[in-house]
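1. How does the following fold in three dimensions:
(one chain, ligands or ions: 2)
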Amino acid sequence: MMMFVVSFAAWLCVAAARPSADDQEHRFTAESESEEVRSAAIKRLLEVFGMDDPPANHGHKQPPQYMLDLYNTVADVDGVTKDPYLLEGNTVRSFFDKLHSEQVEFRFNLSTVARTEKILTAELHLFKLRPQPTHTFSRHHFCQVSVYQLLDTIKTNSTQEKRLLSSRLIPVHSTGWEVFTITQAVRSWMLDEGSNLGLQVVVRTLGGSPMDLKLIRFASGRHHHQSKQPMLVLFTDDGRTSATLESADPHEATAPSLLPQAPLSAPPSRTARSLDYGEEDGVSMPCQRLPLYVDFEEIGWSGWIVSPRGYNAYHCKGSCPFPLGQNMRPTNHATVQSIINALKLIKGIETPCCVPDKLFSINLLYFDDDENVVLKQYNDMVAGSCGCH
Ligand SMILES: *[C@@H]1O[C@H](CO)[C@@H](O)[C@H](O)[C@H]1NC(C)=O
Ligand SMILES: *[C@@H]1O[C@H](CO)[C@@H](O)[C@H](O)[C@H]1NC(C)=O
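-> Ligands and ions are numbered 1, 2, ... in the order given. Predicted structure coming up:
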């Protein structure tokens, strides 16, 4: 575990803060405090994933097929985003109906959605069943399915009991998922949780008269298989994207908190540097990208994370000596620094740092506190390439 924490910190490039041979004493102290460091590191890692506490582990429910399919569409087997433009926001949440009513009425508990989350789109997913065999003979070929938001007449000070959200013609004999957009209703529920009285679905003939509900049936959580349960799907954005620039700022770097014993200000001696690379490999290896597998099971998160089991974050390691070739992807600044270092013009100027210069996002599919399945995208989680900076 400690290795993981150290590598994770190294990945954020704190070459200057690496424990050197002089730090043996400090390292000894660190070992006796390793439990403390471990829990602090896990807490910090949870923050990277936008959480204060790990979600309660309720056991093993089957995630909705829709969410599994969505995850496989946006992410590869490692969880890395295939196409960053596929999702508009960075979060997709699914909710099951809590009402289990005999009527075609639904209510979803949205208490796990953060107030700050921006609702982009909300969809009601209903599974339309085949008409019962005795009702298959019907002169109707289409029906009008309308979704209403139920209103509190006292609160809104009106006689209007419901508001039309979405309406569509559906073939009577069809079967499968029907999706209705109900974004306005969810936005109003987010402003006032108490106003969430649920949704009502009304089915009419083309002429406008009520239709036999034995003919047009939607699966309910009460009588039908879990895989066909009515579901609310929210596409949101939690606004976390801007935070990534902060972590790229060396003054904001959070890594030192993982290595509380490492002296930040004192630059490592040259012997410490050469030890760092020389001891392990015999030769100084040039800056390159190496694997760094983050195993969620090892961290103790496999109970609430559905996918992936872990991911390869990669890390950057190696030296950036003069002269820096183009394969080192140096910045102009790094090139100049390596020249100053080589010429020994100024004392204490190190060679440039081997760091990620391209980062990819990963996706997590997980159960939240209320057993809802959530898909979230996290920026800058995988080192795509390394360079001397
Ligand atoms: C919604 O869920 C939360 C947490 O599970 C619970 O505290 C709250 O009472 C629920 N609200 C409703 C209206 O059922
Ligand atoms: C509610 O409506 C009535 C009649 O339209 C009006 O007199 C009253 O002021 C309204 N109350 C509020 C709180 O808006």
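
2. what's the neighbour count on T81?
-> Close neighbours of T81, defined as other C-beta atoms under 10 Å, add up to 21. (Each C-beta comes from the backbone N, C-alpha and C, glycine too.)

3. What's opposite it in the beta bridge?
-> Beta-bridge partners for T81, by DSSP bridges, are A75.

4. ok, now the one 10 residues further on?
-> Per DSSP bridges, residues listed as beta-bridge partners of T91: T236, K376.

5. Enumerate every residue touching the closest residue to ligand 1 within the stretch 201-350 of the chain.
-> Nearest residue of the stretch 201-350 of the chain to ligand 1, counting by C-beta to the nearest ligand atom: L232, 13.2 Å away. Neighbour list for L232: 94-95, 97, 106, 108, 110, 122-125, 182, 186 [criterion: C-beta atoms under 8 Å, 6 or more residues apart in numbering].

6. Over to F218?
-> F218 touches 104, 126-129, 178, 201, 230, counting by C-beta under 8 Å, 6+ apart.

7. In a strand, K358, correct?
-> Yes - assessed by DSSP: H, G, I helix; E, B strand; the rest coil, K358 belongs to a strand.

8. Leaving out sequence neighbours, find the closest residue to it.
-> Spatially, and ignoring its direct neighbours in sequence, K358 is nearest to G384 (3.6 Å; C-beta to C-beta, 6 or more residues apart in numbering).

9. In which helix or strand does that neighbour reside?
-> Assigned by DSSP states H and E, G384 falls within strand 373-388.

10. Quick one: mean pLDDT for that strand?
-> Strand 373-388 shows a mean pLDDT of 96 in the predicted model.

11. Return the distance of it from the chain's centre.
-> What separates the centre of strand 373-388 from the centre of its chain is 10 Å, taken as C-alpha atoms, centre = their mean, to the nearest Å.

12. so where do the strands sit in the stretch 51-200 of the chain?
-> Shown for the stretch 51-200 of the chain, the strands assigned by DSSP state E, counting those that start in this stretch span residues 91-96, 105-106, 118-129, 142-150, 162-171, 176-181, 199-204.

13. again with the stretch 201-350 of the chain
-> Secondary structure of the stretch 201-350 of the chain (DSSP E, counting those that start in this stretch): strands at 217-218, 231-237, 288-290, 293-295, 305-307, 310-312, 315-317.

14. among those strands, which is nearest Q65?
-> Of all the strands of the stretch 201-350 of the chain, it is strand 231-237 that lies closest to Q65, at 10.1 Å by C-beta to C-beta.

15. ok, back up a step: I'd like to know how far the residue of the stretch 201-350 of the chain closest to ligand 1 sits from E88.
-> 17 Å (C-beta to C-beta, to the nearest Å).

16. and if you look at F180?
-> In terms of C-beta to C-beta, F180 sits 19 Å off from E88.

17. Of those two, which one has the most company?
-> Using other C-beta under 10 Å as the criterion, F180 and E88 rank with F180 on top: 18 against 10.

18. Is ligand 1 within reach of stretch 149-167?
-> No - applying C-beta under 6 Å from any ligand atom, one finds stretch 149-167 separated from ligand 1 by no less than 13.5 Å.

19. Quick one: distance of that stretch to the chain centre.
-> The answer for stretch 149-167 is 35 Å, by C-alpha atoms, centre = their mean.

20. From start to finish, how long is that stretch in a straight line?
-> Taking C-alpha to C-alpha, to the nearest Å, stretch 149-167 runs 12 Å from one end to the other.

21. Name all residues that make contact with S385.
-> With C-beta under 8 Å, 6+ apart, S385 has these contacts: 289, 329, 356-358.

22. just D369 next, same as before
-> Counting by C-beta under 8 Å, 6+ apart, D369 touches 55-56, 112.

23. tally of neighbours for the residue nearest to it when sequence neighbours are not counted?
-> Closest residue to D369 apart from its sequence neighbours, by C-beta to C-beta, 6+ apart: P55 at 4.9 Å. Using other C-beta under 10 Å, P55 has 19 other residues around it.

24. Now do stretch 364-379: distance from first to last residue.
-> End to end - C-alpha to C-alpha - stretch 364-379 spans 11 Å.
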